[in-house]
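Trainee: sequence first, then the predicted structure, then my questions.
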Amino acid sequence: MEKPSFDQLPQAVLQLHEKLNNIEQILLNQEKSTPQEDQILNIQQAAELIKLSVPTIYGLVQRSAIPVSKQGKRLYFSKDELINWIKLGRKKTAQEINEEAEAFIAKRKVGGHK
């Protein structure tokens, strides 16, 4: 970018001012967008969300394998917790497993262990 001459300074300042206003608007819009509030789901909604049958959900609850809240006889599920639960169940690829194994072996060799 070339330096503006003295005569071009008013135009350069105007452009800079416009850019700052645009940045300010972007930042203000980000502040206004509040994070979505977590949704509480009943068992049917939870089953729909994670694509499992209601009896399967009951089985997972019985084994304490799924995050759940209970009030009286009713079960409630946090949408955010269910999504995180699904993400935690991600299986590693063969390549990721091999990379971890190689890193472990390399670390053991450097540390002097056999």
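Mentor: Looks like it arrived, so ask away.
Trainee: the strands in the protein, which residues?
Mentor: 40-41, 69-71, 74-78 (DSSP state E).
Trainee: which one of the ones you listed lies closest to residue 107?
Mentor: strand 74-78 (37.7 Å; C-beta to C-beta). Using the backbone N, CA and C atoms, a C-beta is placed for each residue, glycine as well.
Trainee: show me the contact partners of the lowest-mean-pLDDT helix or strand in the chain.
Mentor: Counting by mean pLDDT, DSSP states H and E, the chain has its least confident helix or strand at helix 9-32, which shows a mean of 85. If you take C-beta atoms under 8 Å, 6 or more residues apart in numbering as the criterion, helix 9-32 is touched by residue 4.
Trainee: next, the buried residues of that helix.
Mentor: In terms of neighbour count (16 or more other C-beta atoms under 10 Å), helix 9-32 has no buried residues at all.
Trainee: return the distance of that helix from the chain's centre.
Mentor: 30 Å (C-alpha atoms, centre = their mean, to the nearest Å).
Trainee: send over it as PDB, restricted to the C-alpha atoms.
Mentor: Only the C-alpha atoms of helix 9-32 are listed here, as PDB (Å, rounded to 0.1, in the frame of the first residue of the first chain):
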ATOM      1  CA  LEU A   9      -4.900  12.800   3.400                       C
ATOM      2  CA  PRO A  10      -8.500  13.900   3.800                       C
ATOM      3  CA  GLN A  11      -9.700  11.100   1.500                       C
ATOM      4  CA  ALA A  12      -7.400   8.500   3.300                       C
ATOM      5  CA  VAL A  13      -8.800   9.600   6.700                       C
ATOM      6  CA  LEU A  14     -12.400   9.300   5.400                       C
ATOM      7  CA  GLN A  15     -11.600   5.800   4.200                       C
ATOM      8  CA  LEU A  16     -10.000   4.900   7.500                       C
ATOM      9  CA  HIS A  17     -13.000   6.300   9.300                       C
ATOM     10  CA  GLU A  18     -15.400   4.200   7.200                       C
ATOM     11  CA  LYS A  19     -13.400   1.000   7.800                       C
ATOM     12  CA  LEU A  20     -13.400   1.600  11.500                       C
ATOM     13  CA  ASN A  21     -17.200   2.200  11.500                       C
ATOM     14  CA  ASN A  22     -17.600  -1.200   9.700                       C
ATOM     15  CA  ILE A  23     -15.400  -2.900  12.200                       C
ATOM     16  CA  GLU A  24     -17.400  -1.300  15.000                       C
ATOM     17  CA  GLN A  25     -20.700  -2.500  13.500                       C
ATOM     18  CA  ILE A  26     -19.400  -6.000  13.200                       C
ATOM     19  CA  LEU A  27     -18.300  -6.100  16.800                       C
ATOM     20  CA  LEU A  28     -21.600  -4.600  18.000                       C
ATOM     21  CA  ASN A  29     -23.500  -7.300  16.100                       C
ATOM     22  CA  GLN A  30     -21.400 -10.000  17.700                       C
ATOM     23  CA  GLU A  31     -22.100  -8.600  21.100                       C
ATOM     24  CA  LYS A  32     -25.900  -8.600  20.400                       C
END
